[in-house]
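*Asks:* Need a 3D model of the sequence below.
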Amino acid sequence: MASRADRHEQWAIFWCSLLQPLLCGEIPPQEAADFLRELTETERLFPDGQRKKPSRATLYRKWKQYRDGGFDALLRQRRSDRRQPRKKKRQAMIERAIELKKDQPRRSEETINQFLQDEFRETLPKATLYRHLKQAGATRLKLGVSQQKVRRRWTRDQTNALWVGDFEDGPYVFDVDRARETHLCAFVDCHSRYAIDSRYYYRENFDVLTDSLLRGWANHGASLQLYADNAKIYHAQALKAACAALNIKLLHRAPRDPPGGGLVERFIETVQSQFESEVRAGDMLTLERLNQAFSAWLEVSYHERIHSETKQSPRLRYEQGKSFTRHVDLQRILKFFLKSEERTVNRTFSDVQILSLYFRVDKDYRGDRVVVRYDPFDAELNSVLIYSLDGEYLGTGTRHEREGREEDTRPAPPSSPPKVKHNYLDLLIRKQQQNIERRSSGIDYREVLAAADRRWPFAEFAKQLAANLGRSGGLSAFRTDELESLQKVYQRLTFLDPALLQKACAQAQQRSIVEIVFLLQRLHDERRT
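*Replies:* I've put the predicted structure just below:
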């Protein structure tokens, strides 16, 4: 049974999903009224199981709450569940829905519910309707009606616009005295094909997904969209809540539609053919050594090699396409990923058990049913948080020991495969160390900082260019897309100064940004040579 706090979170996710185009800026503010009016004209399946039309006043209130306080402001809302199941009536509705579907195989869920509304004054949720239609063999596929999708390649014009993620089975590694299978968790940037965060884990569950995403957000900021598989872990409430709080549009691959994830699948195929084949040909590694070698392969080989489709290396394309970074406050997001489990406080020892560890709880709660929240990636895990089923904080549970625990018995390790003559992993790691030493040696940081201080400021460059173009207002004289283009030119031209800009403007036959930028690049290359 879900706690009251979890039910509040479900409602907050529902309102964020409904208002997603407005919250993500896809709907201009002047068109907000028309968008909200369109939402009120369509019935929605609410988290309490009811299907109804949202009112405009409620939509405005939820929008204002998100603008004023973000996702957390929506968590304070409560709901009342008034669902009253009627078994006989529900069975009659299901039978009529099956009859309607077999009568017209292309008939949609919405059309069937219109018939049901007219006859029974009630509709069926989409998931419930589909489940019963499938059991009765009354789906489009079972009835011989199917359509081939028209597809197109994933593409985005800038870095961190869309991340695509997936899991894949990896090579076996040594863990203490046994062999264990690994799983590769990968997230790839759509624009550049850069591996945002990719590493091997022992498991393929939500805890691994959480660790991978937090690493990606910490190093690269938040993406605008996140595209994932249709597996259960990608529909987790915690992931939806975190994406809503970061204003990330969460997309899922359609069920039974593997081609939709072709971008990350292609990356995984490259990993398997170029990296994992070398791993399997050598000695069995530990998980730490496997990830160390994989990190070296990404840096030395994959990120530096020209991609067959983009015609650029992933690292170069990633840097060129990065116009801004949406930094993430991990302390604010981490609360959504604490794992929650219900436990009954032991009456004798006044403790709860998590991951084969025991945590002492206040003796007043002995025999009570509580919710235990903890960080699954904490290696020591010395404490957990204790909440009531209604979400009230009750205190901290501290780790303690019980006597008489049995020792684990594990099978003997398998025999090692034959060792190859030339170790490709050692080559990768050696090259990575050489790159690190080359980048960190021989740099005069005082000269670099002094040169950065002497460089012509971008604001002055834009102001003088606006004056030469006959525009007034400095930076405000340019549109956003023009400023982004000028910013990229400014970063490439290391010898840019007022004299160079004045010379380019004097040579320009037509005073336009395109022609002046072209002349600037040509004059800059002549000065550099």
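*Asks:* Please make it C-alpha for all contacts and neighbour counts, starting now.
*Replies:* Noted.
*Asks:* what residue ranges in the stretch 251-400 of the chain are flagged as low confidence?
*Replies:* For the stretch 251-400 of the chain, the stretches with pLDDT under 70 are 255-261, 377, 379.
*Asks:* and if you look at the stretch 51-200 of the chain?
*Replies:* 76-87, 145-155.
*Asks:* Now do the strands in it.
*Replies:* Taking DSSP state E, counting those that start in this stretch as the criterion, the stretch 51-200 of the chain carries its strands at 51-52, 162-175, 178-189, 195-201.
*Asks:* can you tell which of these is closest to R90?
*Replies:* strand 51-52 (14.7 Å; Cα to Cα).
*Asks:* you'd agree N291 is in a strand?
*Replies:* No - counting by DSSP: H, G, I helix; E, B strand; the rest coil, N291 is located in no strand; its state is helix.
*Asks:* burial of it, as a residue count?
*Replies:* Counted with other Cα atoms under 10 Å, the neighbours of N291 add up to 17.
*Asks:* Surely it and R199 touch.
*Replies:* Yes - using Cα atoms under 8 Å, N291 is in contact with R199, at 6.1 Å.
*Asks:* and the spatially most central residue of the chain, what does it touch?
*Replies:* Most central in the chain under Cα atoms, centre = their mean is L226, positioned 4.3 Å from the mean C-alpha point. Contact analysis of L226 by Cα atoms under 8 Å, 6 or more residues apart in numbering lists L162, W163, V164, G165, I248, K249, L250, L251.
*Asks:* any chance you could read off phi and psi for it?
*Replies:* Taking degrees, to the nearest 10, you get phi -130, psi 120 for the backbone angles of L226.
*Asks:* ok, now H400?
*Replies:* Dihedral pair for H400: phi -150, psi 170, per degrees, to the nearest 10.
*Asks:* tell me the contacts of it?
*Replies:* Neighbouring residues of H400 by Cα under 8 Å, 6+ apart: L357, Y358, F359, R360.
*Asks:* Out of those residues, grab the one that's most surrounded.
*Replies:* Ranked by neighbours (other Cα under 10 Å), these are led by F359, which has 23 neighbours.
*Asks:* Could you double-check that that residue sits in contact with V345?
*Replies:* No - contact criterion Cα under 8 Å: F359 and V345 do not qualify, at 9.7 Å.
*Asks:* For those two, list the residues in contact with both.
*Replies:* D351, V352.
*Asks:* Based on its surroundings, how many neighbours for the residue lying closest to E181 once chain neighbours are set aside?
*Replies:* Nearest residue to E181 in three dimensions, chain neighbours excluded: Y172, at 4.4 Å (Cα to Cα, 6 or more residues apart in numbering). Y172 has 20 neighbours, counted by other Cα under 10 Å.
*Asks:* who touches Y172 in this structure?
*Replies:* Y172 touches A179, R180, E181, T182, M284, counting by Cα under 8 Å, 6+ apart.
*Asks:* Tally up the residues packed near H524, please.
*Replies:* When neighbours are counted by other Cα under 10 Å, H524 registers 20.
*Asks:* Can you point out the helix or strand that includes it?
*Replies:* Using DSSP states H and E, H524 falls within helix 513-528.
*Asks:* And that helix, what does it pack against?
*Replies:* Applying 3 or more Cα pairs under 8 Å, 6 or more residues apart in numbering; DSSP states H and E, one finds that helix 513-528 contacts helix 498-507.
*Asks:* Work out the gap between the helix it packs on and the centre of the chain.
*Replies:* Centre-to-centre, helix 498-507 and its host chain are 45 Å apart (Cα atoms, centre = their mean, to the nearest Å).
*Asks:* can you list contacts of it?
*Replies:* Contact with helix 498-507 is made by W456, F461, Q464, L465, N468, R511, I516, L519, L520, L523, H524, as judged by Cα under 8 Å, 6+ apart.
*Asks:* Which strands or helices does the helix or strand where A12 lies pack on?
*Replies:* Secondary structure from DSSP H and E places A12 in helix 4-18. Under the contact criterion of 3+ Cα pairs under 8 Å, 6+ apart, helix 4-18 touches helix 71-74, helix 237-245.
*Asks:* Next, the angle from it to helix 237-245.
*Replies:* Interaxial angle, helix 4-18 versus helix 237-245 (axes from the mean of the first three to the mean of the last three Cα atoms, to 10 degrees): 50 degrees.
*Asks:* For the stretch 51-200 of the chain, which segments count as helices?
*Replies:* Under the criterion DSSP state H, counting those that start in this stretch, helices of the stretch 51-200 of the chain are mapped to 56-69, 71-74, 87-103, 109-120, 126-135.
*Asks:* Oops, could you answer that again for the stretch 401-529 of the chain instead?
*Replies:* Applying DSSP H, counting those that start in this stretch to the stretch 401-529 of the chain gives helices spanning 424-440, 445-454, 458-468, 480-492, 498-507, 513-528.
*Asks:* repeat for the stretch 251-400 of the chain
*Replies:* Applying DSSP H, counting those that start in this stretch to the stretch 251-400 of the chain gives helices spanning 262-271, 277-281, 287-300, 314-320, 330-334.
*Asks:* Just the residues contacting the third one, thanks.
*Replies:* Under the contact criterion Cα under 8 Å, 6+ apart, helix 287-300 has outside partners 173-175, 182, 195, 199-201, 275, 425-426, 428-429, 431-432.
*Asks:* Show me the two of those that sit farthest apart.
*Replies:* For these, the farthest-apart pair by Cα to Cα is D175 and K431; their separation is 27.0 Å.
*Asks:* So which of these two has more stuff around it?
*Replies:* Shown here are D175 and K431; by other Cα under 10 Å, K431 has more neighbours (17 against 14).
*Asks:* I'd like to check the angle between the helix holding H524 and helix 458-468, please.
*Replies:* Between the axis of helix 513-528 and that of helix 458-468 there is an angle of 120 degrees, by the same axes, to 10 degrees.
*Asks:* between helix 513-528 and helix 480-492, how many degrees?
*Replies:* Going by the same axes, to 10 degrees, helix 513-528 makes 0 degrees with helix 480-492.
*Asks:* which residues touch helix 513-528?
*Replies:* Residues contacting helix 513-528 (Cα under 8 Å, 6+ apart): V489, L493, F495, L496, L500, L501, A504, C505, Q507, A508.
*Asks:* if we go to 6 Å?
*Replies:* Residues outside helix 513-528 that contact it (Cα atoms under 6 Å, 6 or more residues apart in numbering): A504.
*Asks:* quick revisit: buried ones among the contacts of Y172?
*Replies:* Buried subset of the contacts of Y172 (neighbour count, 16 or more other Cα atoms under 10 Å): A179, R180, E181, T182, M284.
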